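**Student:** A structural model of the following input is requested.
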Amino acid sequence: MALVGVCLLAFTAFLDSTIVAAALPYIKADLNPSVLQLQWVGSIFSVILGMTMVLVGKLGDLFGKKKIFYIGSLLFAVGAIGGGSAATIQALILFRGLQAIGASILFIISVAALSDVFPQEERVSAISYWGMTTGLGLAVGPLIGGILVHFLSWRWVFWVNLPIIAIGLILCSFSLVAPDRPKSIHPDWKRFALFIVSLGAMLYGIVETAETAGQSHLGWATLIVGPVILIGLIIFDCRSSQPIFNHKMFIVPELRLSILSCATAGIVSGVFLFFDPLYLHTIKQEPPLLLGVWTGVIPMTQVIASFSFQWLRRILSLANILILSMVAGLIGMGCHLTFSANTSSLGLLIPFMFLGMNWAFGNLAGVTLANEKLPAHQTGEGIGTIATVWNTVSAVFLALSSVLFQRTHGPFLNQFTSAVWLNVVYTFVVTLYAFYVWKSHSLFKQKEL
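**Tutor:** Purely as a prediction, here's the structure:
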């Protein structure tokens with residue numbers, strides 16, 4: 001019952017990560033925002049996830065995963081109600097942000113709570129089922145979104161979550177456990193606040209300077225202040241006895257690879273699930289149902305890959321799987337550079353499947369490593385660190401890509417290709433460094449069966 005309840009609630013959060021993608025062209029037609037305003041519907045989700053996920057992990061370890069999990073479910077439900085009722089793009093962004101706070105809790109605490117329910121020897125299986133369920137949410141999101149938009153309206157992509165949340169909460173109320181918590185955890189709330197301010201300022205500065213063509217003094221100020229605060233915070237955090245981030249994630253080679261893999265998978269979930277639906281709608285002229293089907297190929301591949309994860313784990317080490325995920329992501333992104341009005345179905349299918357592999361293996365291998373390499377009372381913090389990197393990269397590069405898209409002159413395909421190039425170059429650099437880490441620590445060895 002705990003597994004089903006937790007997976008249902010996590011399902012809604014992951015569903016909402018992709019279900020909105022199919023609705024974006026129709027939200028644009030209804031509320032008439034600019035591309036930079038529209039990108040906030042996607043990026044506010046990633047921004048807030050990036051701001052809060054480490055804090056969420058800490059709160060779960062400090063106050064109990066069960067209690068925080070319920071709070072997140074209720075916040076997510078309120079955000080879904082408000083988002084579906086929004087009359088302006090500003091109201092939609094506001095409720096989307098509230099929904100993101102709830103989703104942040106559901107993302108982190110759902111998988112971390114499984115370590116309280118299942119013994120060590122059963123956790124890999126439980127996490128695999130969690131990965132399949134959440135992957136299914138990602139997979140069916142665009143298809144369900146396309147169906148809802150076609151037969152009802154884009155507002156139902158938010159309201160559809162409510163009955164699932166109710167069932168999940170009922171199941172969890174009878175089955176989740178609340179184990180004893182260590183008394184030595186004392187979060188530094190001031191540093192958490194600074195982290196939130198620094199990331200928010202940086203992303204606001206990127207978009208504000210682009211919208212005003214560099215004429216906004218506030219935009220430039222936040223663009224400078226945000227990164228300065230963030231860098232200073234990271235330096236101070238490395239010397240703290242109670243750090244915000246789990247430093248093992250950056251020191252242990254396998255865990256560092258999980259961070260690097262998430263730093264590429266965030267591009268897929270943030271940038272390509274925003275721009276691909278716009279390409280399919282604007283250039284390929286796909287109707288809502290087919291747009292949802294094509295967009296769903298990326299997360300559907302994640303579901304298929306999740307089913308193969310346990311088998312792949314017996315053949316390859318987790319480090320090798322993470323390298324495989326980054327290479328797959330780079331191939332999928334590179335193929336986007338060839339997209340045109342005449343791109344065949346196969347030409348779309350292959351890149352989307354590679355992006356789905358990157359997402360699946362980066363997510364499952366990273367979460368499994370955190371559960372295996374960290375003590376139980378640090379799993380929330382470790383998974384929160386991974387997710388923070390994932391969503392910070394997602395938010396930053398969606399903002400940068402949207403700016404580059406907006407500032408590129410010419411037809412849509414020129415703008416689209418400019419945005420893709422930025423992400424291909426970044427992913428190539430990260431993948432090269434990952435190969436260096438992989439080789440330096442002799443991780444390129446198959447595990448014995």
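
**Student:** and the longest helix for this protein?
**Tutor:** When the chain is parsed with DSSP state H, its longest helix is helix 120-151.

**Student:** elements contacting that helix?
**Tutor:** helix 2-19, helix 89-117, helix 156-159, helix 288-307, helix 309-315, helix 345-373 (3 or more C-beta pairs under 8 Å, 6 or more residues apart in numbering; DSSP states H and E). Placement of C-beta: from N, CA and C, glycine included.

**Student:** what's the average pLDDT for the fifth one?
**Tutor:** If I follow you right, that is helix 309-315. Taken as a whole, helix 309-315 has an average pLDDT of 75.

**Student:** may I see the buried residues of that helix?
**Tutor:** 309, 312-313 (16 or more other C-beta atoms under 10 Å).

**Student:** next one: the first one
**Tutor:** For helix 2-19, a neighbour-count test (16+ other C-beta under 10 Å) marks 2-3, 5-19 as buried.

**Student:** angle of that helix against helix 288-307?
**Tutor:** 140 degrees (axes from the mean of the first three to the mean of the last three C-alpha atoms, to 10 degrees).

**Student:** next helix or strand past helix 2-19?
**Tutor:** Next along the chain after helix 2-19, taking DSSP states H and E as the criterion, comes helix 24-31.

**Student:** for that following helix, packing partners?
**Tutor:** Using 3+ C-beta pairs under 8 Å, 6+ apart: helix 24-31 touches helix 35-63, helix 89-117, helix 273-282.

**Student:** lowest-confidence stretch among those helices?
**Tutor:** helix 35-63 (a mean of 71).

**Student:** which SSE is immediately downstream of that one?
**Tutor:** helix 65-85.

**Student:** let me know the secondary structure of G410.
**Tutor:** coil (DSSP: H, G, I helix; E, B strand; the rest coil).

**Student:** give me the pLDDT for it.
**Tutor:** 80.

**Student:** what about it, how many residues close to it?
**Tutor:** 9 (other C-beta atoms under 10 Å).

**Student:** phi first, then psi, for it.
**Tutor:** Main-chain torsions, G410, degrees, to the nearest 10: phi 110, psi -170.

**Student:** following element in sequence after the least confident helix or strand in the chain by mean pLDDT, please.
**Tutor:** The least trusted helix or strand in the chain, going by mean pLDDT, DSSP states H and E, turns out to be helix 248-251, with a mean of 62. Sequence order places helix 253-267 as the next helix or strand after helix 248-251, per DSSP H and E.

**Student:** where does pLDDT dip in the stretch 251-400 of the chain?
**Tutor:** Scanning the stretch 251-400 of the chain for pLDDT under 70 picks out the ranges 251-253, 370-382, 384.

**Student:** quick check: angle from whichever strand or helix holds I386 to helix 65-85?
**Tutor:** Under the criterion of DSSP H and E, I386 resides in helix 379-407. Inter-element angle recorded for helix 379-407 and helix 65-85: 20 degrees (by the same axes, to 10 degrees).

**Student:** now the angle from helix 379-407 to helix 89-117?
**Tutor:** 150 degrees.

**Student:** give the other helices and strands that helix 379-407 contacts.
**Tutor:** By 3+ C-beta pairs under 8 Å, 6+ apart, helix 379-407 packs against helix 35-63, helix 89-117, helix 189-211, helix 248-251, helix 253-267, helix 273-282, helix 345-373, helix 412-440.

**Student:** how about that helix: buried residues?
**Tutor:** Neighbour-count burial for helix 379-407 [16+ other C-beta under 10 Å]: 379-406.

**Student:** what sits against F352?
**Tutor:** Contact analysis of F352 by C-beta atoms under 8 Å, 6 or more residues apart in numbering lists 276, 294, 297-298, 301, 332.

**Student:** and what of G79?
**Tutor:** Neighbours of G79 in contact, by C-beta under 8 Å, 6+ apart: 95-102, 158.

**Student:** between these, which sits nearest I89?
**Tutor:** R96 (10.0 Å; C-beta to C-beta).

**Student:** G145 versus that closest one, what's the distance?
**Tutor:** 14 Å (C-beta to C-beta, to the nearest Å).

**Student:** rewinding a little: tell me the angle the longest helix of the chain makes with helix 345-373.
**Tutor:** Using the same axes, to 10 degrees: helix 120-151 against helix 345-373 is 150 degrees.

**Student:** tilt between helix 120-151 and helix 273-282?
**Tutor:** 30 degrees.

**Student:** could you give the angle of helix 120-151 to helix 24-31?
**Tutor:** Going by the same axes, to 10 degrees, helix 120-151 makes 50 degrees with helix 24-31.

**Student:** quick one on the thing from earlier: which residue of R96 and G145 possesses the greater neighbour count?
**Tutor:** G145 (31 against 25).

**Student:** measure that one to F151 for me?
**Tutor:** In terms of C-beta to C-beta, G145 sits 11 Å off from F151.

**Student:** likewise for W421?
**Tutor:** In terms of C-beta to C-beta, W421 sits 38 Å off from F151.

**Student:** which one of these two has more residues nearby?
**Tutor:** Ranked by neighbour count (other C-beta under 10 Å), W421 and F151 place W421 first, with 16 against 10.

**Student:** quick check: phi and psi on the nearest residue to the more buried one once chain neighbours are set aside?
**Tutor:** Nearest residue to W421, sequence neighbours excluded (C-beta to C-beta, 6 or more residues apart in numbering): L337, at 7.0 Å. Taking degrees, to the nearest 10, you get phi -70, psi -20 for the backbone angles of L337.
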